[in-house]
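Asker: Output the structure for:
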Amino acid sequence: MATLPNPHTAGEFTPTTKRPPASALDHIPGADGLPVIGATLAILSDPPRFSRNMLDRYGRIYKVNSFGYYTVSLIGPEANELVLFDREKLFSSEHGWGPVLDQLFPRGLMLLDFDHHKMDRRALSIAFKPGPMRHYADSLNRGIAQRVEEWGAGAMEFYPAIKQLTLDLAADSFIDLPLGEEAAKINQAFVDMVQASVAPIRKPLPFTQMGRGVKGRRYLVDWFGRETVRRRESGGGQDMFSQFARATREDGELLSVQEVVDHMIFLMMAAHDTITSSATTMVYQLALNPEWQEKIRQEVRAATGGDDGFVSYEQLGELDITEMAFKEALRFMPPVPSIPRRALRAFEFGGYTIPAGTQVSVSPGATHWLEDIWPDPDRFDPMRFTREAEKARHKYAWVPFGGGAHMCLGLHFAYMQIKILMAHLLTRYRIEMAEGYEPEWQAWPIPKPKDGLRISLRPL
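Answerer: Purely as a prediction, here's the structure:
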């Protein structure tokens, strides 16, 4: 439990976002790494593995010198609750994510704090109410059914295929844009921005990843800005973008055009890359564990009464086994391996005082592999997510969607898309991989198999 400083003492606990000098963290164990770059390369190589190695060496609180500054990592459910639930408003998400995302996704929902975040989140939640969600479910069923049929039986690389499908579904469900040249430009702009978010060269110089990312953002700001005005004038449709364009605050005031643009750009990025990663992890694990394919297949047939894979919005709640398997895939490889924050005031945790202004992070990737919480953590076991098992664990032991006020706004959309994907895929095919095949994974910025994940789809 965090111990808050006395706010009445002599001004030293005034909220601040200025980082403290490195010497202020001398009492915290950790690694300095190489001169200048610190441990940056080791982290970029494999963030979850790095976190687990640091955990083994230093325990559940340690510091790391990377990206030009020190970060204090706090590992475990109690740390997750402290930082993510943030009962005392100690931590800034804006200043935590800012060093990575501020050039590309400024003022996105995840980069807002406290009252501003609360107001905008409430306004945007209109897009995730039952009416729009039913519309999205119908759109997803149509798009996924068509694409899964097009994949056909045989060998394929799953990651690029699901990435393209997710981008196309986003163009349809999110912005109601027919596939074509314009949709392709929007998709490419998002790809460039995500790659630029962790580019080592942070200036948008020509021919650099950051340069391409900033150029992509300019294109999207212009397109979404013009389109927001048009959709407000026309009334728009049921797609997510039209819902955002019409979103109002409690006083009835529309969000500004710039606010709609910033939120739309951020949420499309957050949705398509994370779902692509988690769907790939789930398919990989199902290929390794074919008995769970059959359990999901039988559950879908029982819920829908057929083999066409079409799942109505009302039937989604019946797919408990599918949801458990998805949750276990997210435990195995969370799409966001660490979550940064900036401490606005000094606090105590685990016997250490952390000064104001310190960059801190919690690690789903490390917490999800703690053996005292997850016995035999390298075994794929969806039974970890029965209702009884979930109730017996700490609420913040599993945090792939974050937690607290910043819990992922689109988490129910993610569940829906994965359930519909699995329904259409597994009622048509068995997923197989070559015996002994173990793909290498790129862990940063969002996990993906380096070779695309080579699988075979066998017709039932």
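Asker: going forward, measure contacts and count neighbours with C-alpha atoms only.
Answerer: Will do.
Asker: which element follows the lengthiest helix in the chain toward the C-terminus?
Answerer: The longest helix of the chain (DSSP state H) is helix 257-288. Remark: after helix 257-288, the chain's next helix or strand is helix 290-304, criterion DSSP states H and E.
Asker: State the mean pLDDT of that next one.
Answerer: Averaging pLDDT along helix 290-304 gives 98.
Asker: Just the buried residues of that helix, please?
Answerer: Going by neighbour count (16 or more other Cα atoms under 10 Å), the buried part of helix 290-304 is 292-293, 296-301, 303-304.
Asker: what's the answer for stretch 134-153, then?
Answerer: 134, 136-141, 143-145, 147-148, 153.
Asker: Next, format those as a markdown table and append pLDDT.
Answerer: What follows is those, written out as a markdown table (pLDDT from 0 to 100):
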| residue | pLDDT |
| --- | --- |
| R134 | 95 |
| Y136 | 94 |
| A137 | 96 |
| D138 | 95 |
| S139 | 93 |
| L140 | 95 |
| N141 | 97 |
| G143 | 95 |
| I144 | 97 |
| A145 | 97 |
| R147 | 97 |
| V148 | 97 |
| A153 | 97 |
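Asker: Tell me the one of those residues nearest T228?
Answerer: The shortest approach to T228 among those belongs to Y136, at 19.6 Å (Cα to Cα).
Asker: in the protein, which segments are predicted with low confidence?
Answerer: 1-15, 179 (pLDDT under 70).
Asker: redo that, cut-off 80
Answerer: Counting by pLDDT under 80, the chain shows low-confidence ranges at 1-17, 36, 44-49, 178-180, 198-200, 236, 271-272, 444-445.
Asker: what about the strands in it?
Answerer: Per DSSP state E, the chain carries strands over the ranges 30-31, 61-66, 69-74, 91-92, 154-157, 339-343, 347-349, 352-354, 359-362, 429-432, 441-442, 448-449, 454-459.
Asker: could you dump those to JSON lines with mean neighbour count and distance to L169?
Answerer: Shown next, in JSON lines, are these (neighbours: other Cα atoms under 10 Å; distance: least, Cα to Cα, whole Å):
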{"stretch": "strand 30-31", "mean neighbour count": "20", "distance to L169": "43"}
{"stretch": "strand 61-66", "mean neighbour count": "22", "distance to L169": "36"}
{"stretch": "strand 69-74", "mean neighbour count": "22", "distance to L169": "36"}
{"stretch": "strand 91-92", "mean neighbour count": "27", "distance to L169": "32"}
{"stretch": "strand 154-157", "mean neighbour count": "14", "distance to L169": "19"}
{"stretch": "strand 339-343", "mean neighbour count": "25", "distance to L169": "27"}
{"stretch": "strand 347-349", "mean neighbour count": "16", "distance to L169": "43"}
{"stretch": "strand 352-354", "mean neighbour count": "16", "distance to L169": "44"}
{"stretch": "strand 359-362", "mean neighbour count": "25", "distance to L169": "31"}
{"stretch": "strand 429-432", "mean neighbour count": "20", "distance to L169": "21"}
{"stretch": "strand 441-442", "mean neighbour count": "16", "distance to L169": "24"}
{"stretch": "strand 448-449", "mean neighbour count": "22", "distance to L169": "19"}
{"stretch": "strand 454-459", "mean neighbour count": "18", "distance to L169": "21"}
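Asker: any chance of those strands in a markdown table, with distance to F128 too?
Answerer: Output for those, formatted as a markdown table (distance: least, Cα to Cα, whole Å):
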| stretch | distance to F128 |
| --- | --- |
| strand 30-31 | 42 |
| strand 61-66 | 37 |
| strand 69-74 | 32 |
| strand 91-92 | 25 |
| strand 154-157 | 32 |
| strand 339-343 | 24 |
| strand 347-349 | 36 |
| strand 352-354 | 38 |
| strand 359-362 | 27 |
| strand 429-432 | 31 |
| strand 441-442 | 31 |
| strand 448-449 | 27 |
| strand 454-459 | 33 |
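Asker: between those strands, which gets nearest to L316?
Answerer: It is, among those and with distance given as Cα to Cα, strand 429-432, at 20.3 Å.
Asker: so how far is the longest helix of the chain off the chain centroid?
Answerer: Helix 257-288 sits 6 Å away from the centroid of its parent chain (Cα atoms, centre = their mean, to the nearest Å).
Asker: tell me which residues of it are tucked away?
Answerer: Residues 257, 259-288 are the ones in helix 257-288 that count as buried (16+ other Cα under 10 Å).
Asker: Which strands or helices does that helix pack on?
Answerer: If contacts are counted by 3 or more Cα pairs under 8 Å, 6 or more residues apart in numbering; DSSP states H and E, helix 257-288 sits against helix 158-169, helix 209-234, helix 240-245, helix 290-304, helix 320-332, helix 411-426, strand 429-432.
Asker: hmm, back to that, so which of the strands of the chain is nearest M422?
Answerer: Of all the strands of the chain, strand 429-432 comes closest under Cα to Cα, at 10.2 Å.
Asker: How are the helices of the stretch 1-150 of the chain distributed by residue range?
Answerer: Counting by DSSP state H, counting those that start in this stretch, residue ranges of the helices within the stretch 1-150 of the chain are 40-45, 47-58, 77-80, 93-101, 114-124, 130-151.
Asker: Could you report the neighbour count for E435?
Answerer: 7 (other Cα atoms under 10 Å).
Asker: mind listing what P447 touches?
Answerer: Residues counted as contacts of P447 (Cα atoms under 8 Å, 6 or more residues apart in numbering) are 277, 333-335, 441.
Asker: ok, 6 Å please
Answerer: Applying Cα atoms under 6 Å, 6 or more residues apart in numbering to P447 gives the contacts 277, 335.
Asker: Roughly how far does it sit from R212?
Answerer: Per Cα to Cα, to the nearest Å, P447 is found 21 Å from R212.
Asker: Can you check the distance spanned by stretch 401-411, start to finish?
Answerer: 7 Å.
Asker: What lies in contact with that stretch?
Answerer: 84-85.
Asker: That stretch: how far from the chain's middle?
Answerer: With Cα atoms, centre = their mean, you get 9 Å for stretch 401-411.
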